[in-house]
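# Next come a sequence and a model predicted from it.
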Amino acid sequence: MRWLEAVQSLSERGEPGVLVTVAAVRGHAPREAGAKMVVGPAESWDSVGGGNLEATAVERARALLACRASAPELLTLRLTDRAPNEYGRQCCGGEVTLLLEPLATARPHLAVFGVGHVGLELARLLARLEVDLHLIDSRAGQLTPERLAPLEGGPARLHVHHAPVPELALAELPAGTHLVIMTHDHAEDAALCDAALRRPDLGFTGLIGSKVKWARFREQLRAVGHTETSLERITTPIGLPGIRGKSPAVIALSVAAQLGQVLEAAEHGPQEAARLFAPVSPGSQRTP
């Protein structure tokens with residue numbers, strides 16, 4: 001697969017990658033300026049020259065992927081038998097500068113459990129973002145093509161799941177998915193909270209509801225083995241605390257704004273994301 005096809009493939013799959021380009025060459029080098037390759041988490045495509053040059057580029061590209069870097073960087077390597085390297089000799093006698101550019105091919109995954117009045121309004125907002133949007137409901141009638149038609153045509157990739165047992169759908173979501181739990185049934189909500197807490201690889205988990213509802217859920221979740229530290233992963237109430245309206249559209253706007261903060265924080269690394277995953281200070285109270 002050539003580098004351009006690899007970029008397209010990563011984009012279609014929503015996976016991260018780094019484009020490596022030979023930006024400049026002095027003296028002799030295996031490839032000319034402009035040669036490119038693409039590096040993914042486990043694979044690479046095309047070539048910038050092989051040997052120590054390419055192995056070093058792949059290693060650095062994967063380091064950028066690991067820290068979710070978004071800024072490009074330059075890497076200059078000398079190809080002489082005197083230059084220290086970790087991957088064997090490459091004695092072309094030149095110097096190569098590589099440009100490593102993290103690709104915007106990975107999309108965050110957002111999952112809305114419960115596509116009722118608030119869930120549908122929230123989905124309308126999230127469908128305008130470049131995300132993979134999962135809509136899950138145990139009621140098939142909430143997921144008809146006619147009802148979801150306004151969501152089509154936006155940049156979001158829609159994944160519609162009719163799941164009579166929603167926690168089974170949760171188990172199939174990709175690592176890092178951010179969840180919003182707002183079903184029509186408190187028993188479903190509780191089961192989803194339990195399932196989410198059993199997956200430490202998930203992102204933000206928000207639950208709609210009142211303080212009374214959460215107090216009951218805490219007791220139920222503690223009874224099945226969840227610790228207080230684990231329970232802190234659930235953010236409730238959801239939404240920005242300064243927005244107090246209770247209409248579905250206003251609640252959805254508040255929750256979408258909070259998710260926007262979460263997505264921006266995730267781009268800056270796990271520590272900043274963790275800061276926003278902490279429970280929201282009690283403000284206006286919303287119930288499903």
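In hand now; what should we look at?
# List the contacts of the nearest residue to residue 174 once chain neighbours are set aside.
What sits nearest to residue 174 in space, not counting adjacent residues and going by C-beta to C-beta, 6 or more residues apart in numbering, is residue 109, at 5.3 Å. All C-beta spots, glycine's among them, are computed from the backbone N, C-alpha and C. Neighbouring residues of residue 109 by C-beta atoms under 8 Å, 6 or more residues apart in numbering: 14, 131, 132, 134, 173, 174, 176, 177, 178.
# my read is the fourth one is in a strand, agree?
Yes. Residue 134: assigned to a strand according to DSSP: H, G, I helix; E, B strand; the rest coil.
# Surely it and residue 156 touch.
No. Counting by C-beta atoms under 8 Å, residue 134 stays clear of residue 156, with 10.1 Å between them.
# who's more crowded, those two?
More crowded of residue 134 and residue 156, by other C-beta atoms under 10 Å: residue 134, with 23 against 20.
# For the more buried one, which residues are in contact?
If you count contacts by C-beta under 8 Å, 6+ apart, residue 134 has them with 109, 110, 111, 112, 159, 160, 161, 169, 173, 177.
# partner residues bridging the residue nearest to residue 174?
In this entry, residue 109 is beta-bridged to residue 132, by DSSP bridges.
# any idea how far it is from residue 152?
As judged by C-beta to C-beta, to the nearest Å, residue 109 and residue 152 stand 19 Å apart.
# One more: residue 204?
For residue 204 relative to residue 152 (C-beta to C-beta), the value is 26 Å.
# you'd agree residue 52 is up against residue 59?
No. At 10.4 Å, residue 52 does not count as touching residue 59 under the criterion of C-beta under 8 Å.
# More neighbours: the two, which one.
residue 52 (20 against 12).
# so how far is residue 96 from the more buried one?
From residue 52 over to residue 96 the distance is 10 Å, taken as C-beta to C-beta.
# what sits in contact with each of those two?
Common contacts of residue 52 and residue 96 (C-beta under 8 Å, 6+ apart): 77, 79.
# picking that back up, compare residue 204 and residue 152 (neighbour count), which wins?
Shown here are residue 204 and residue 152; by other C-beta under 10 Å, residue 204 has more neighbours (25 against 10).
# for the helix or strand containing residue 253, packing partners?
In the assignment (DSSP states H and E), residue 253 maps to helix 248-267. Packing partners of helix 248-267 (3 or more C-beta pairs under 8 Å, 6 or more residues apart in numbering; DSSP states H and E): helix 117-126, strand 178-181, strand 205-207, helix 270-277.
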